[in-house]
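Enquirer: quick one: sequence and predicted model below, then my questions.
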Amino acid sequence: GGVQLTQLLLTADEIRSLNLSGVELVVLSACNSGGGLPVASEGLVGLRRAFQAAGVRNLVVSLWPVGDEATRAWMEAFYRQLWSAGREPADAALHASRLLLAERRRAGRSTHPFYWGGFVAIAGGP
């Protein structure tokens, strides 16, 4: 038999209705996952806000479309800081970005934030 792929579609409304108060960290590594749609009197409504409303304690989201190589490098640095160095998510994100910036400087590559600053950690629920 072949591989069967199942598509799962989960909306922001469905996420918001979940009880995720025991979830410490959600990482949304897709492009522009920190964005949303402007809604009058509610600000930006999107996945980030839905996970916060559901009670997730920390989120990592992207601020713009980030390239595959930059995403891979940042995520490796982030998880290294999170797990090996034992940092909290916000601190791990900051250190990951600083490490990538320093690597780019040493290599004489562009230090534009596009290459190292596309991901941030956000405190979510309580």
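Expert: Good, I have the coordinates.

Enquirer: alpha carbons only for contacts and neighbour counts from here, please
Expert: Will do.

Enquirer: Leu63 is in contact with Ile122, isn't it?
Expert: No - counting by C-alpha atoms under 8 Å, Leu63 stays clear of Ile122, with 11.5 Å between them.

Enquirer: pLDDT weak spots in this structure?
Expert: In the predicted model of the chain, residues 1-2, 4-7, 30-45, 124-126 satisfy pLDDT under 70.

Enquirer: strands of that one, start to end?
Expert: For the chain, the strands defined by DSSP state E cover 25-28, 37-39, 43-45, 58-62, 119-123.

Enquirer: now render those as CSV, adding distance to Gln81 and mean neighbour count.
Expert: Formatted as CSV, those follow (distance: least, C-alpha to C-alpha, whole Å; neighbours: other C-alpha atoms under 10 Å):
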stretch, distance to Gln81, mean neighbour count
strand 25-28, 14, 17
strand 37-39, 32, 10
strand 43-45, 30, 14
strand 58-62, 14, 23
strand 119-123, 13, 20
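
Enquirer: okay if I get those as a markdown table plus distance to Thr111?
Expert: What follows is those, written out as a markdown table (distance: least, C-alpha to C-alpha, whole Å):
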| stretch | distance to Thr111 |
| --- | --- |
| strand 25-28 | 24 |
| strand 37-39 | 30 |
| strand 43-45 | 29 |
| strand 58-62 | 18 |
| strand 119-123 | 15 |
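
Enquirer: any idea how far apart the tips of stretch 65-84 sit?
Expert: Across stretch 65-84, the terminal residues are separated by 28 Å (C-alpha to C-alpha, to the nearest Å).

Enquirer: that concludes my questions; thank you for your assistance.
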